[in-house]
Structures are given as structure tokens and as C-alpha cells.
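J.: My questions concern the predicted model and sequence given below.
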Amino acid sequence: MNHWGTLVRERLSERRYLHVCGVVDTARELAARFGVDQEKCELAAWLHDILREVPASGLRSLMDDVGEPLPDGDAATWHGPVTAARLGRDFGVSDAQIRLAIAHHTLGHPDMDEVAQVLFVADAIEPGRMFVGVERLRAAARMDLLLAVACVADASIEFLLDTHGSIAWQTVALRNRAWLGIDETVAMAYSENIKMIP
């Protein structure tokens, strides 16, 4: 196990650690498939949930310590921005792409670059995810990265609509921008492909 895997295992429950391992493997595969920096994608994947099990009060203290405000929204989404804000101080990682990928991995953001897109998709489709519709997201991820981003954003919005949750503007803006950027032939091929997926 590498340094990052050991660090994550020390800080997270077994269930969450296994999720992170799945995200790392999936991010590695997506990065290779779509020609994205594999090292950055892997490191972002290792660290994206490292503060996921810290209670809201602890996240608030960690953010106060670096003099930055907590983001708006549900406390369940704070761990990404807090980790990003503390990345250099706590983990010695100063790369801006990794920082932004971690900051936006839960809600997404319309300005996400490809490293962030890989993490956003990998977090949703890693092998441990078993929700209804995940196979359609995996099919999208085999075809086109931006298509996968759009489909993951759609799935997140649909889940929040079904559960009467609050939908962040970032997720909506990401979804709209992604679909506008997808080649029509890719979208049509995906529509045909998912007809065979239950």
C-alpha cells in the first residue's frame, strides 16, 4: 500500500476506505481512457474523502483555522472544500488542479477541468456503487468523459428531486454546460446504447 492509502486507511472507516480505493481504481482507468493526467487523478481520488467522517463542528473548526468561510449548503458537502483549503498545510499538496477537483467532487462545478471531471465521475461509478441507474452512468463513462459528467449530474439532480433535496446551482450549471458541449453523435450513440441496459 502506498503512503496515501495508508493515510486514508488510518483516518476512515473500512467502508469509506473501500469506497476510496474503488474511486482510485476507477479514476486511474478513466484517466488512461481519456488521456488525463493519471498521477493527479489518483492523488485527488485518494484524498477526496479524507475528511468525510469529520463531524460538521470539526469541519467548521478546520476551516476557521485557515481563515476561510464554509461553503453554503448541506454540511454533508463540506468535506471537499475543507480538504481543498487544507491540502497544502495538512498533506503537502499544492497542485491547483487537485485542489479544485477535491473542492468540487460532490456538487460539481461548471468550470471543472478534466482532472475534476474524472474524480466527479469516478466517485459516482466506482464498483461499490450499486444504485439504480449506475450501469447507465458506467456505459456513458466508457464512451466519453463529458457525457459521463453530464449523466452523473443528471442522476444527482434526479435523486435530489425524488428526495426533495436542495439542488446546488453548481450542479445545475455543470449539467447545462456539459450537455451543451457534447457532440450530437455521441449523445445519439449513448441513447441507443442504454436501450439495452435495464
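T.: Great, that's in hand. Just so it is clear, the model here is predicted, and its values are computed rather than measured. Numbers count the residues shown, from 1 in each chain.
J.: what about G128, which SS state?
T.: coil (DSSP: H, G, I helix; E, B strand; the rest coil).
J.: Just the element for the nearest residue to it once chain neighbours are set aside, please.
T.: Nearest non-adjacent residue to G128, counting by C-beta to C-beta, 6 or more residues apart in numbering: G22, 4.8 Å away. Using the backbone N, CA and C atoms, a C-beta is placed for each residue, glycine as well. For G22, the host element (DSSP states H and E) is helix 14-34.
J.: So which bits of the helix or strand following that helix are buried?
T.: Next helix or strand after helix 14-34 toward the C-terminus (DSSP H and E): helix 38-47. Within helix 38-47, the residues scored as buried using 16 or more other C-beta atoms under 10 Å are Q38, K40, C41, E42, L43, A44, A45, W46, L47.
J.: In contact with I125, which residues?
T.: Counting by C-beta atoms under 8 Å, 6 or more residues apart in numbering, I125 makes contact with T26, V134, L137, R138, A141, A148, V152.
J.: what's the closest of these to M63?
T.: Nearest to M63 among the contacts of I125: V152, at 26.4 Å, using C-beta to C-beta.
J.: pLDDT weak spots in the chain?
T.: By pLDDT under 70, the low-scoring segments of the chain are 1, 198.
J.: In it, what residue spans correspond to helices?
T.: Using DSSP state H, the helices assigned to the chain run over residues 3-11, 14-34, 38-47, 56-65, 79-91, 96-103, 114-125, 134-143, 145-162, 169-181, 184-193.
J.: Against which helices or strands is the second one packed?
T.: Identification of packing neighbours for helix 14-34 by 3 or more C-beta pairs under 8 Å, 6 or more residues apart in numbering; DSSP states H and E yields helix 3-11, helix 38-47, helix 114-125, helix 145-162.
J.: what's the closest of these to W169?
T.: helix 145-162 (11.5 Å).
J.: Next, the angle helix 184-193 makes with the closest one.
T.: Orientation check (axes from the mean of the first three to the mean of the last three C-alpha atoms, to 10 degrees): helix 145-162 against helix 184-193 gives 60 degrees.
J.: The residue nearest to G128: what's it in contact with?
T.: Counting by C-beta under 8 Å, 6+ apart, G22 touches E126, P127, G128, R129.
J.: before we move on, back to that, next, format the helices of the chain as a markdown table and append distance to P71.
T.: Formatted as a markdown table, these follow (distance: least, C-beta to C-beta, whole Å):
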| stretch | distance to P71 |
| --- | --- |
| helix 3-11 | 21 |
| helix 14-34 | 21 |
| helix 38-47 | 18 |
| helix 56-65 | 9 |
| helix 79-91 | 5 |
| helix 96-103 | 9 |
| helix 114-125 | 16 |
| helix 134-143 | 25 |
| helix 145-162 | 16 |
| helix 169-181 | 10 |
| helix 184-193 | 32 |
